[in-house]
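In: no sequence on this one, just coordinates:
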């Protein structure tokens, strides 16, 4: 039986009242590690949790309750989530805890539904998330930055972040009457290299910061892979060591690794993998439902049914906007190489029991049957309605050169410098930057253009349609260029989330890093247009409104025509290349349920939805699309939600590489994240 909105509101209100009363008057709730009985002790009784991982920042806020109810319905007792630094501090000294970033509302919703919570505030998360959860603004003005080490600049920012976050979590601790039973410190730190004295100094600092803000009662955990070396390098005294692993293999031998670190205490698998991560240009990863169900049953039976487990992921969700991150190919690089980077997909479906859109699957049903032998299950809420619309006509709005002309005279929109600067140095953390300069008359044309480093995909362009494309994953390329005015568009494919510290921070930066030369001569006098700073960045960050020229609202109001250097109108496909261009739907739609946007026929770009009703406007960045690389061909577009009720939706695409002749996208009611793929596109 599904609760009505009124019933749900009253349940949450009651949970909040209880939380406030218990915290203000004191409580006898306890959650500890009982080393004598080798178990967790909840209110004095031996206890084991069955947790599922779901990240509030990957799920539209109006669907949190639906997903948590489905977790509860499958018999899970606990929800586990990361708390990403870069979501809550999108710019230096700028904090965000509203909308999809309202972690407190997520905690309250879970508690009102009878779920306890384990939080994982990092600071490093990995989790296929941009820069592993670190904010990319750390890469500005910090040339000696050394993340995940006891380094002065890094630890100063960590302490500042935790002094803001951790005290606000204290009322939500179980000992304070709230849902949080344990807190994980860092993540898979044993995989970080080198495993030396400085390595452990960092973990000691983190442990002490957590204790300072959260007190001595809360259980602090670490998690590492199931090898002796990883577990040993990932743990210090005062933090309880747990493991992660997937189904298959001998569970006893896996837990012997934990026993080496923790001779007494509960057996805990803090991340039992339900699927796996996915990259553009690679085959979609799948884990068999029956195999996973058997592995979970073996875990729940282990050691007399006492082992605790958290399934990673129960529900993956979506990497909205630019937050999907990438995997740096550190193992195949030296300290002088610019390592390749494999961008993660926008979908974080993960082949999890709940699909990206929160729908139950066969895997969900099997796992629910298994868990039902150990924990109470409940009726399953219905899946949300999906909307099939069919083809949606788009039209050209403005090309990148006319966009540059629109922005060039406004100081809020352009950065001028003698040499080109990385994105982060200019105040843009993700997305697309267009660099522009002139090749001096004394340099003969065509000129050989060389770029020291760039992150991650580069488009060397002329206004009349000559476009040359390369990527950091491809062999180094010198560009032959035959015009005086040089445009270089750089798109990032996500900051590496693997967290190694052996490399200079310049290998993490985006945009142009270093010099650009023409026939060996360094080019000077650059303008950089911060395109993505003025596109919708929701649901994670607000949109700058300092200058109307730089607002995405301009793209709704204006039409632009493509012109060449002489000012003549030209078509969509010119010369030898496609000029990056903005397209938008010709007619707004009233979408009151979820849908999927099929971008097949398009090349590579950014997909956004603009919402409008009378004078009210809003927007969401659905993320990157790249059907040429695959395997994701369709993109989850959630319903507008109660805050945008009755607002019409207009789709906006920023296409970088090609557009279909019919200029259409298709809105459909079925996903496609496991389609064909082409690794050469990377």
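Out: Sure, I can see it. All values derive from a computational prediction rather than experimental measurement.
In: can you map out the helices along the protein?
Out: For the chain, helices defined by DSSP state H occupy the ranges 5-25, 64-73, 85-88, 103-112, 152-169, 197-214, 228-233, 251-261, 289-305, 362-371, 400-407, 553-557.
In: Could you save those as TSV and add columns showing mean pLDDT, distance to residue 141 and mean neighbour count?
Out: Quick note: C-beta positions are derived from backbone N, CA and C, even for glycine. Shown next, in TSV, are those (pLDDT from 0 to 100; distance: least, CB to CB, whole Å; neighbours: other CB atoms under 10 Å):
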stretch	mean pLDDT	distance to residue 141	mean neighbour count
helix 5-25	49	40	13
helix 64-73	98	37	22
helix 85-88	96	17	24
helix 103-112	98	29	22
helix 152-169	97	9	17
helix 197-214	93	22	17
helix 228-233	93	31	18
helix 251-261	96	39	17
helix 289-305	97	46	17
helix 362-371	98	46	19
helix 400-407	88	24	21
helix 553-557	55	30	17
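In: Can I get the ones you listed in CSV including distance to residue 41?
Out: Listed next are these as CSV, based on distance: least, CB to CB, whole Å:
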stretch, distance to residue 41
helix 5-25, 19
helix 64-73, 23
helix 85-88, 32
helix 103-112, 20
helix 152-169, 21
helix 197-214, 18
helix 228-233, 23
helix 251-261, 18
helix 289-305, 16
helix 362-371, 22
helix 400-407, 61
helix 553-557, 56
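In: Looking at these, spot the one closest to residue 46.
Out: helix 289-305 (10.4 Å; CB to CB).
In: ok, which stretches of the stretch 551-682 of the chain are strands?
Out: With DSSP state E, counting those that start in this stretch applied, the stretch 551-682 of the chain shows strands at 573-574, 577-578, 581-585, 595-598, 605-613, 616-625, 634-637, 648-655, 664-668, listed in chain order.
In: Could you tell me the least trusted of those strands?
Out: Mean pLDDT across the strands of the stretch 551-682 of the chain is lowest at strand 573-574; the value there is a mean of 38.
In: hmm, back to that, hey, which of the strands of the stretch 551-682 of the chain is tucked in deepest?
Out: Of all the strands of the stretch 551-682 of the chain, strand 634-637 has the most neighbours on average by mean count of other CB atoms under 10 Å, namely a mean of 25.
In: in its sheet, what does that one sit against?
Out: strand 595-598 (antiparallel) (DSSP bridges).
In: And the pLDDT for the nearest residue to residue 453 once chain neighbours are set aside?
Out: Closest residue to residue 453 apart from its sequence neighbours, by CB to CB, 6 or more residues apart in numbering: residue 513 at 4.0 Å. We have a pLDDT of 93 for residue 513.
In: And for residue 263?
Out: The model reports residue 263 with a pLDDT of 97.
In: Which one of the strands of the stretch 551-682 of the chain lies nearest to residue 121?
Out: strand 616-625 (24.2 Å).
In: and the closest one, which strands flank it?
Out: Going by DSSP bridges, the partners of strand 616-625 are strand 605-613 (antiparallel).
In: Show residues contacting the strand it pairs with.
Out: 431-432, 532, 535-536, 552, 555-556, 580, 584, 588, 597, 599, 617-626, 635, 637, 640, 644, 646-657 (CB atoms under 8 Å, 6 or more residues apart in numbering).
In: Nearest residue to residue 462 in space, please, no chain neighbours.
Out: Nearest non-adjacent residue to residue 462, counting by CB to CB, 6+ apart: residue 483, 4.5 Å away.
In: before we move on, back to that, and the residue nearest to residue 453, how close does it get to residue 479?
Out: The gap separating residue 513 from residue 479 is 17 Å, by CB to CB, to the nearest Å.
In: neighbour count winner among the two?
Out: More crowded of residue 513 and residue 479, by other CB atoms under 10 Å: residue 513, with 23 against 19.
In: dump the residue contacts of the more buried one.
Out: 422, 452, 453, 454, 455, 506.
In: Of the residues you listed, which is the most crowded?
Out: That'd be residue 455 among these, by other CB under 10 Å, with 28 neighbours.
In: Looks like it contacts residue 496 (just checking).
Out: No - in this structure residue 455 lies outside contact range of residue 496 using CB atoms under 8 Å: 9.6 Å.
In: shared neighbours, these two?
Out: By CB under 8 Å, 6+ apart, residue 455 and residue 496 have these common neighbours: 341, 508.
In: helices and strands of the protein: which one has the lowest mean pLDDT?
Out: Counting by mean pLDDT, DSSP states H and E, the weakest-scoring helix or strand in the chain turns out to be strand 573-574, with a mean of 38.
In: on that earlier part again, correct me, but the residue nearest to residue 462 touches residue 443?
Out: No - using CB under 8 Å, residue 483 is not in contact with residue 443; the gap is 11.7 Å.
In: Report the beta-bridge partners for residue 309.
Out: Beta-bridge partners, per DSSP bridges, of residue 309: residue 50, residue 269.
In: Contacts only, for it.
Out: 49, 50, 51, 268, 269, 272, 296, 299, 300.
In: Between all of those, which two are separated the most?
Out: 268 and 296 (14.5 Å).
In: any low-confidence regions in the stretch 451-600 of the chain?
Out: Within the stretch 451-600 of the chain, the stretches with pLDDT under 70 are 499-505, 541-577.
In: And for the stretch 1-150 of the chain?
Out: Judged by pLDDT under 70, the stretch 1-150 of the chain has its weakly predicted residues at 1-27.
In: follow-up on the earlier one: and the residue nearest to residue 453, how far is that from residue 44?
Out: For residue 513, the distance to residue 44 - CB to CB - is 57 Å.
In: same thing with residue 679?
Out: Distance from residue 679 to residue 44, by CB to CB: 55 Å.
In: same thing with residue 114?
Out: 20 Å.
In: what does residue 659 give?
Out: For residue 659, the distance to residue 44 - CB to CB - is 65 Å.
In: just checking, residue 284 touches residue 276?
Out: No - applying CB under 8 Å, one finds residue 284 not in contact with residue 276, separated by 9.3 Å.
In: Between these two, point out the one with more neighbours.
Out: Legend: neighbour count by other CB under 10 Å for residue 284 and residue 276, higher for residue 284 (20 against 14).
In: give me the number of residues near the closest residue to the more buried one other than its chain neighbours?
Out: Closest residue to residue 284 apart from its sequence neighbours, by CB to CB, 6+ apart: residue 674 at 3.6 Å. The local packing of residue 674 (other CB under 10 Å) involves 18 other residues.
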